[in-house]
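Fold the stuff below for me.
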Amino acid sequence: MLERLTARRLALVASLGSALLLAGAFAFQAAGYAPCELCILQRWPHLAAAVVGVAVLAFGWRKALSAVGLLAALAATAFAIFHVGVEWQWWEGPMACTGGMGDIATMSTAELMTRLSEAQVVRCDQPSFVFLGLSMAGWNAVCSAALSVLWALSLRRPRLAASR
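All right, here's what the predicted structure looks like:
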């Protein structure tokens, strides 16, 4: 089936995939799953890829557009993998969403109270939803990697861009 897809169609399918992942993230948010700082960070590359798809629709396939789409999908994959690593405690995440407050022993009571009142409620290191053993960040990593492959295939088919 992939052989029949032109570079333009591959780019549009990849872009649509990012738009659907973004819509899914907003649907989970509407259902009461508040996003953490890293969840929100993962949305930006998908937005960029969706915008690239609109540009492909408006101006036709261009190698530069597919390159930008590929970079966006790779960024989404990297952010998602980083988030999964934070969830599995392979490495530390941002202090703002993993509960770290610095060295509280040296803080005054006022500083501690200020930091506590500014602390994020949604933690990056505790998945709020898991399906088939993967968190939302894990599924985003898998889907974003697949979209990266589609963007890369789009780049490898420039001679087919004008057809269909």
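
could you measure the closest residue in space to residue 156 that isn't next to it in sequence against residue 142, distance?
In space, and not counting its chain neighbours, residue 156 is closest to residue 7: 8.0 Å by CB to CB, 6 or more residues apart in numbering. For glycine as for every other residue, the C-beta is placed from the backbone atoms N, C-alpha and C. Distance, residue 7 to residue 142, by CB to CB, to the nearest Å: 24 Å.

can you pull the contacts of residue 52?
11, 15, 65, 66, 68, 69, 72 (CB atoms under 8 Å, 6 or more residues apart in numbering).

Which pLDDT value belongs to the closest residue to residue 81 other than its chain neighbours?
Closest residue in space to residue 81, ignoring its immediate chain neighbours: residue 141 at 5.1 Å, by CB to CB, 6+ apart. The model reports residue 141 with a pLDDT of 91.

and residue 141, what helix or strand is that in?
For residue 141, the host element (DSSP states H and E) is helix 136-155.

Can you name every helix or strand that that helix contacts?
helix 7-30, helix 37-59, helix 63-87 (3 or more CB pairs under 8 Å, 6 or more residues apart in numbering; DSSP states H and E).

now those as TSV including mean pLDDT and distance to residue 147?
Shown next, in TSV, are those (pLDDT from 0 to 100; distance: least, CB to CB, whole Å):
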stretch	mean pLDDT	distance to residue 147
helix 7-30	91	5
helix 37-59	91	7
helix 63-87	92	4
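
Can you say which of these is packed in most?
helix 63-87 (a mean of 21; mean count of other CB atoms under 10 Å).

will you turn the helices and strands packed on helix 136-155 into TSV that also has distance to residue 152?
Shown next, in TSV, are these (distance: least, CB to CB, whole Å):
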stretch	distance to residue 152
helix 7-30	9
helix 37-59	13
helix 63-87	6
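
and of these, who's closest to residue 108?
helix 37-59 (26.1 Å; CB to CB).

Skipping its backbone neighbours, what lies nearest the residue nearest the centre of the chain in space?
Central residue of the chain (CA atoms, centre = their mean): residue 42, 3.0 Å from the mean position. Excluding its sequence neighbours, the residue lying closest to residue 42 (CB to CB, 6+ apart) is residue 79, at 4.6 Å.

For the one you found, give me its contacts.
Counting by CB under 8 Å, 6+ apart, residue 79 touches 38, 41, 42, 45.

from these, which two are the most distant?
The most widely separated members of these are 38 and 45, with 12.5 Å between them, by CB to CB.
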